[in-house]
Structures are given as structure tokens and as C-alpha cells.
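S.K.: Build me a structure from this.
(4 chains)
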Protein chains: 2
Amino acid sequence: MPEPARISRIRSGRRTDIRRENERLILDAAEKVFAEAGFGGATMQLIADMAGLPKANLHYYFPTKEDLYRRVVQNIFEIWLDAASSFDDAAGPIEGIGAYIEAKMDISRRHPHGSKVWAAEVMHGAPVIQDYLETTLRDWTDGRIALIQRWIDEGKMAPIDPRHLLYMLWATTQHYADFGHQIETLNAGRPLSDAHWREATESVKQIILRGIGAL
Amino acid sequence: MPEPARISRIRSGRRTDIRRENERLILDAAEKVFAEAGFGGATMQLIADMAGLPKANLHYYFPTKEDLYRRVVQNIFEIWLDAASSFDDAAGPIEGIGAYIEAKMDISRRHPHGSKVWAAEVMHGAPVIQDYLETTLRDWTDGRIALIQRWIDEGKMAPIDPRHLLYMLWATTQHYADFGHQIETLNAGRPLSDAHWREATESVKQIILRGIGAL
DNA sequence: CCACAACCTGACCATACGGTCAACGAAAAT
DNA sequence: ATTTTCGTTGACCGTATGGTCAGGTTGTGG
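M.R.: Below is the predicted model of the structure:
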């Protein structure tokens, strides 16, 4: 039973601040609830309780449950895309892919809920973000495939199918968020420490970079 | 709107056959619906329609939605464990891990729904199969870690943390089921062909086996 | 000080869903 | 032939949930 969070609203007053602050409160709560219960299992009441606001207030900012969910998914997608930049300004696979793995592992640690919502959305056939997959994601992927292919042509790594390499990067890094509960259970029921995360990141980097012949 | 499937019940008569056949019908439908809609989004009515049976009949065989869901998850877990045997009777990582990757990729292709249900269950904190994680899965994992460590000690592969290698194997292979929709979208919206699956499996095997220094 | 807009919320509603049940049919068992 | 067990099903019920709304309060611009 979640208790009324309602942290000190401080003395802000400014209309825009109120809006932004409450939207933030709601989005954070929604991300967590959607991640833990799925879209169908999540209830507006639960999100409201977790945000410390009356349910009717949620509908003031987000007309429908779908609207709220859509915003949560979009947020995640943006975070996810930001990590992409680490890929580009790199001379070769060791720096580029290495930095990308580090960035994505970091996101898995800092935004596990978002990663889960994204995973669930895709698993359900991407009803909400299908257009993103077909436009933004496809373009990004094509660009990265071209880049990797260039590295291969320049002899900086072995001739691996770039597409499957990308899938492997996504799968491996996001696994630490999406299957975090399983990993935690296998870690004596305890969350991964800083050292654990460093080990994980290093292991992934080593196996993949060596696996593509970049080391 | 699903139409009444009700394939020819043939002339069986035998009480046990009816039970088994209907349970099969229901479990298959349930696996698909749970995978596509999640536990909360799935409705008994939808599962009933997809199985070609009246809703009340589902409750005759499976008292509650939870019971039905539990059975679906258990089924998957068993399939998943069966693939484990490929690991054991192998002389070294090339055969053992290679066979394991092939087995798991095959499962991803043949049981994508099951894989998704499993993923969603874990992502939601494993409310139903937590005990399996703590017993069967943990034991299996410990055994495999010991085996990999032995291979390392025998100089058959590089000194990689076996735990993270296992996570990588799970993540990569299951990704092709769980994120199948995304992969399909990036494949011009078309399902992966036989050749694609062979390529995928080979890419994964190559990167990982080379990555652990076994090639 | 007033008027207007933005924000807030308890009470309410329609619907959809999981689950029940009583009545029935068919096949075994006796 | 009769009883008993198993399978079948339409109709029904209580509840939970997404969403609405009318009447408020608060802050802001004129």
C-alpha cells in the first residue's frame, strides 16, 4: 500500500513549474508501474497513489491511459537514441562499440523500468511505436550498419554481419535491465554492486570486441 | 474477430483424450494471447475464442486465470531446460556452447510465444516462478558455471567470467524471439527466412566462440 | 479588485472482466 | 436399465477500472 508521497512542493507558484513538476511526478510513477505490471496490469489508481496525486488529476494532465503510456515509451526511446552518439565519433570499433556498450550498460542500470516498458511494447507487437521502428530506428540502424561495414572494409575488424552484431549489442546490454530480477536472484538475491556492474560491462566488452576480431 | 476454430473433434470418445485435447487447445491459445497481450491484457474470453471453446469451459479445466498462466509458464520452463542437455555431453566449449546456441536459437524460432511469456514473467519480478529461479535455475546455472570454469582451467578457452557468458547466451538467443517483431520490422517487415536464421545462428556462434577464445 | 484561466478533486457512471452456477447431455460403470 | 461421473454451456453476478464532470481553489493579468 503506497503512502501519499507528495514531497514538499516548496514555494514555487509559477504555473509552468507546477505543470512540469506534476508531469514529471506522474511520468516517473507511470514508468515504474507500467514496467512492473505491464500496460494491462497497470491501473491509473496505482500510478496516482505512487505519484501522490488524486486519480482525477492524472486525467487532467494525460487524458487517457494510452496517452500516458505513449509518453513513457517515447521518453525511453529518446534516452536510448542519445546513447547512439557514442557510436559515431569514433575512429574504430574498439572505441565506438566499446563506448556504445558502456553507454547502454549505464542506461540499463539507471533506467531499468524504461527498458522493460520498451521491451514489453516491442514484444506486444509495438502497437504504439511501430512508426518509430519503421522510420527513426530503421534509419539509425542503416547508418550504423554502413559504419560497421566501413570498419570491416578497412580491416579494423573481422567480416561479421553488422546487423546481427547490433542485435547482439542490444540484447546483451538490455538483458541486464529487462532480466535484472533473474540476475539478482542468481546473485544470492542481492542487487549488483558497482564492482559487479564494472565486471559485467568489461566481460561484455571483452567477449564482443574479441569476438569481432577488433582486439 | 476470431471465428469458431473447433477443428473436427474426430471420433475419439475416450474421456482422457477429450481432456488432453482440450487442455492442449486451451494452453496453445493461452500461450499466444498471454504473449501478445501480457497477463493483464489477456482476457479469458479472447483465449476461449482462439481455442474455439466457450469461456465457461476454460474454467472447467483451469479454475482461474492464474492457474492457466502458471501452466503456460511451466511448459516453457521445461522446454527451456531440455535445451540444457546439449551443454553437458560435450568435450569443450566449441561443441558445448555451440550446440547450446543452436538449441536455443531453435527454441526462439519454434516457441516465440513461450519465450515472450517467460520474459514478461521475469520482467514483472517473477511472481509465479520465483521458486523455480531459486532452485532449479540456480542449480543449473551453478553446474554450468563449474563446467565452464573447468574448460578455462584446462586452457580450452580464455578466462571469461562464466556467469556473464551465460547471461550473454541467454540474452542473445532469446532476443530473436522476444524482439522478433523489431527484427522483422528491420528486415523490411518480413519474417526471417531459413537462410536468415542460419546466418543469425552462425553469427552468434562465431562472435561468442571467438570472443571467449575458443576458436 | 476583478475577471479569467489554470489547476484540483470527490463523487459518480458505464463497461468489461473473472468467475459462478444450475441445468443438461453423453458416456461409463454397475 | 439405472446410476454416476465427466464434460458442456448460456445466463448471471460482483467488482474493479478507465474515464467524466461539476464545483471548487489558486494564482495571474489587467
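S.K.: Now do the lengthiest helix in chain A and helix B:15-41, the angle between them.
M.R.: Selection of the longest helix in chain A by residue count, based on DSSP state H, yields helix A:15-41. With axes from the mean of the first three to the mean of the last three Cα atoms, to 10 degrees defining the directions, helix A:15-41 sits at 180 degrees from helix B:15-41.
S.K.: Could you give the average pLDDT over helix A:15-41?
M.R.: On average, the pLDDT along helix A:15-41 is 95.
S.K.: Can you name the next helix or strand after it?
M.R.: Downstream of helix A:15-41, the first helix or strand assigned by DSSP states H and E is helix A:44-51.
S.K.: what does the average pLDDT come to for that next one?
M.R.: The predicted model assigns helix A:44-51 a mean pLDDT of 98.
S.K.: quick one: it to chain centroid distance?
M.R.: 22 Å (Cα atoms, centre = their mean, to the nearest Å).
S.K.: how about the helices in chain A?
M.R.: A:15-41, A:44-51, A:55-61, A:65-82, A:85-88, A:93-110, A:112-123, A:130-132, A:138-153, A:162-178, A:180-186, A:194-211.
S.K.: Least reliable of these by average pLDDT, please.
M.R.: Minimum mean pLDDT among those: helix A:85-88, a mean of 85.
S.K.: So for it, what gets flagged as buried?
M.R.: A:Ser86, A:Phe87 (16 or more other Cβ atoms under 10 Å in any protein chain shown). Bear in mind the C-beta positions are built from the backbone N, C-alpha and C, glycine included.
S.K.: Kindly report the same for stretch A:182-201.
M.R.: For stretch A:182-201, using 16+ other Cβ under 10 Å, the buried residues are A:Gln182, A:Ile183, A:Thr185, A:Leu186, A:Leu192, A:His196, A:Trp197, A:Ala200, A:Thr201.
S.K.: Switch these over to CSV; also include distance to B:Ser85.
M.R.: Shown next, in CSV, are those (distance: Cβ to Cβ, whole Å):
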residue, distance to B:Ser85
A:Gln182, 21
A:Ile183, 24
A:Thr185, 23
A:Leu186, 20
A:Leu192, 29
A:His196, 30
A:Trp197, 32
A:Ala200, 27
A:Thr201, 31
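S.K.: Just flag the most distant two among those.
M.R.: A:Thr185 and A:Thr201 (20.5 Å; Cβ to Cβ).
S.K.: Next, the buried residues of the longest helix of chain A.
M.R.: Buried, per 16+ other Cβ under 10 Å, within helix A:15-41: A:22, A:25-41.
S.K.: List the contacts of the closest residue to A:Ala42 other than its chain neighbours.
M.R.: In space, not counting the residues next to it along the chain, A:Ala42 is nearest to A:Val33; the distance is 4.7 Å by Cβ to Cβ, 6 or more residues apart in numbering or on different chains. Contacts for A:Val33 (Cβ atoms under 8 Å, 6 or more residues apart in numbering or on different chains) come out as A:Ala42, A:Thr43, A:Leu46, A:Ile47, A:Met50.
S.K.: hang on, isn't the fourth one packed against A:Ala30?
M.R.: The one in question is A:Ile47. Yes: using Cβ atoms under 8 Å, A:Ile47 is in contact with A:Ala30, at 5.0 Å.
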